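1. Fold the stuff below for me.
(chains A, B, C and D)
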There are 2 protein chains.
Amino acid sequence: MIVEHVLDAVADQRLQAGTKLGEQALSDLFSCNRAHVRRALATLAAHQVVDLIPNRGAFVATPSEAEARDVFQARRAIEATIIRNVVRNADAADLTALRAHLEEEDRVRHASDRPRAIRASRAFHMLLGRIGRNSVLENYLSELTMRTSLIIGLYGSDRASLCDDDEHSRIVASIADRDEATAQKLVDIHLRHIEAEIDFGKERPRGGPLSVLIQTSSPE
Amino acid sequence: MIVEHVLDAVADQRLQAGTKLGEQALSDLFSCNRAHVRRALATLAAHQVVDLIPNRGAFVATPSEAEARDVFQARRAIEATIIRNVVRNADAADLTALRAHLEEEDRVRHASDRPRAIRASRAFHMLLGRIGRNSVLENYLSELTMRTSLIIGLYGSDRASLCDDDEHSRIVASIADRDEATAQKLVDIHLRHIEAEIDFGKERPRGGPLSVLIQTSSPE
DNA sequence: ATAACATAAATTGTTAACAATCCAAACAGA
DNA sequence: TCTGTTTGGATTGTTAACAATTTATGTTAT
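-> Numbering: from 1, shown residues only, chains lettered A, B, ... in the order given. This is a model prediction of the structure:
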């Protein structure tokens, strides 16, 4: 449960890379004992979203450039198979959900609500992951989108933060057409576009407050 | 360090699926306190190789049939990209290492040393993962081969336990030829062969001793 | 003999206290 | 003013003890 809150905060780019996750601070925030915090940090470390430095504590991971490239390549590998599954498995309800999501993205974009736009962008990919119906790939995608959030927060330009809505809608169209080859190609290009927006030259300041953990996180 | 020992034992099929990992037992085996054991179990659970049941303890995971199919599909997705990287990146030293490994596999097979054969089979795939030079994919492959070991231990027939050496050698040949398409196809077929050897009908007995954790594990 | 139940042992969960390490601020000397 | 040292506070690491739950044992009744 602590884990979920931290993961959400990282995914939404509320928690910045490099932020220290003190045991005391966390156990205060979630009003629990340190043992729980330590277990949560261990699983977060296993998922590579926090670094555990002996005698120093836990910090939100700061992916290197090399690691970032590996993450993007892994996403292309995994989402290629996921989109194939989606094209094959998607039923009417799934398509309805996808179109509903596109509308939500459109709405949020026009409201220029940046935090919620980030959340919606990620949610699109996770929705594909769910429709793909492979829990292993879905879990990996969850990890990789999380790490992508960290990477964009570290090196991304402002516009890079969110996916291009139009690309998303074209992907949905190809799914509806059952056009496997096009869908795969569109996803691949989409991911390369996201990666291209990143500039490893200017590294942003890292480390921030962790009061964001209990933020209302803009539900719905 | 505890984690590594458990992972090794699972990969070598010494630790059977369903085996209970008692905290006391582990802290005795590794002569450490329970806090360390609990942290190790948390990370193992994050990697899906143990199930953590509240108030009951930790057990080596027993993958279901559906999960097994997901694992194999994920392996095909990931190893397809890995082998592509290998064909592109492999230098002379890498090819030498691959050929040396093939000889080792051959040697072990003729000695009919089953435990070491299992270890060598997995080592081949992990060697490809290393040569691929994508640490994210390498880590995922490590997880997936681990879970494959559990699956084969649960549902596999006797011969299914190890990869076909000939398929391995043909893969190496295609790498040496820089024949990307052939290499990818061979790996895909190879993984499908492994999956085909599995019979989900007869589930093996699960749960076993955990004295195997400190076994000499046949070094070299 | 089997089933249900009560009791005892073992295991996991939780908490607190103490030790070791690291970090920051104050301080002395050049 | 800058460098190096010392000291105090805070944080992580470790251990032990206690509570809660489950599992095993053994008894009794049908």
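
2. So A:Tyr155 sits against A:Glu195, correct?
-> No: the pair A:Tyr155 / A:Glu195 is not scored as a contact, 10.4 Å apart, by Cβ atoms under 8 Å. The way it works is simple: take the backbone N, C-alpha and C, and place the C-beta from them, glycine included.

3. who touches both of these two?
-> Between them, A:Tyr155 and A:Glu195 have no joint contacts when contacts are counted by Cβ atoms under 8 Å, 6 or more residues apart in numbering or on different chains.

4. Give me the pLDDT value at the closest residue in space to A:Ala42 that isn't next to it in sequence.
-> Beyond its immediate neighbours in the sequence, the residue positioned closest to A:Ala42 (Cβ to Cβ, 6 or more residues apart in numbering or on different chains) is B:Ala42, lying 4.2 Å away. Reported pLDDT at B:Ala42 in the predicted model: 97.

5. In this structure B:Ala42 contacts A:Ala35, no?
-> No: because the distance of 10.7 Å does not satisfy Cβ under 8 Å, B:Ala42 is recorded as not touching A:Ala35.

6. picking that back up, what about the residue nearest to A:Ala42, how many neighbours?
-> B:Ala42 has 23 neighbours, counted by other Cβ atoms under 10 Å in any protein chain shown.

7. what's near enough to touch it?
-> A:39, A:42-43, A:46, B:52.

8. So among those residues, which ones count as buried?
-> Of the members of those, the ones counted as buried by neighbours, 16 or more other Cβ atoms under 10 Å in any protein chain shown, are A:39, A:42-43, A:46, B:52.

9. ok, these vs B:Val187, which is closest?
-> Comparing the buried ones among the contacts of B:Ala42 against B:Val187 with Cβ to Cβ picks out A:Ala46 as the nearest, at 27.3 Å.

10. Quick check: closest non-adjacent residue to the closest one.
-> The shortest distance from A:Ala46 to any non-neighbouring residue, by Cβ to Cβ, 6+ apart, is to B:Ala46 (3.5 Å).

11. Could you check how far that neighbour is from A:Gly153?
-> Separation of B:Ala46 from A:Gly153 (Cβ to Cβ, to the nearest Å): 23 Å.

12. Can you check the pLDDT for the residue nearest to A:Asp164 when sequence neighbours are not counted?
-> Using Cβ to Cβ, 6+ apart and skipping residues adjacent in sequence, the residue nearest A:Asp164 is A:His193, 6.7 Å away. On pLDDT, A:His193 comes in at 93.

13. what about A:His193, helix or strand, and which?
-> Secondary-structure element containing A:His193, defined by DSSP states H and E: helix A:180-196.

14. could you list every residue that touches the residue nearest to A:Ala46?
-> Under the criterion of Cβ under 8 Å, 6+ apart, the neighbours of B:Ala46 are A:42-43, A:46-47.

15. Burial check on A:Thr96, number of neighbours?
-> When counting by other Cβ under 10 Å, one arrives at 10 neighbours for A:Thr96.

16. Counting by contacts, list what the helix or strand hosting it packs against.
-> Element membership for A:Thr96, per DSSP H and E: helix A:92-110. In terms of contact count using 3 or more Cβ pairs under 8 Å, 6 or more residues apart in numbering or on different chains; DSSP states H and E, helix A:92-110 is assigned the packing partners helix A:114-132, helix A:165-176.

17. so after the first one, what's the next helix or strand?
-> In other words, helix A:114-132. The first helix or strand that comes after helix A:114-132 along the chain, using DSSP H and E, is helix A:135-155.

18. That following helix and chain B, are they touching?
-> Yes: using Cβ under 8 Å from any Cβ of the partner chain, a contact is recorded between helix A:135-155 and chain B, made by A:135-137, A:139-140, A:144.

19. related to what we said a few turns ago, what helices and strands are in contact with the helix holding A:His193?
-> Helix A:180-196 packs on helix A:65-89, helix A:165-176, going by 3+ Cβ pairs under 8 Å, 6+ apart.

20. mean confidence for the last one?
-> Okay, so that is helix A:165-176. pLDDT averaged over helix A:165-176 gives 94.
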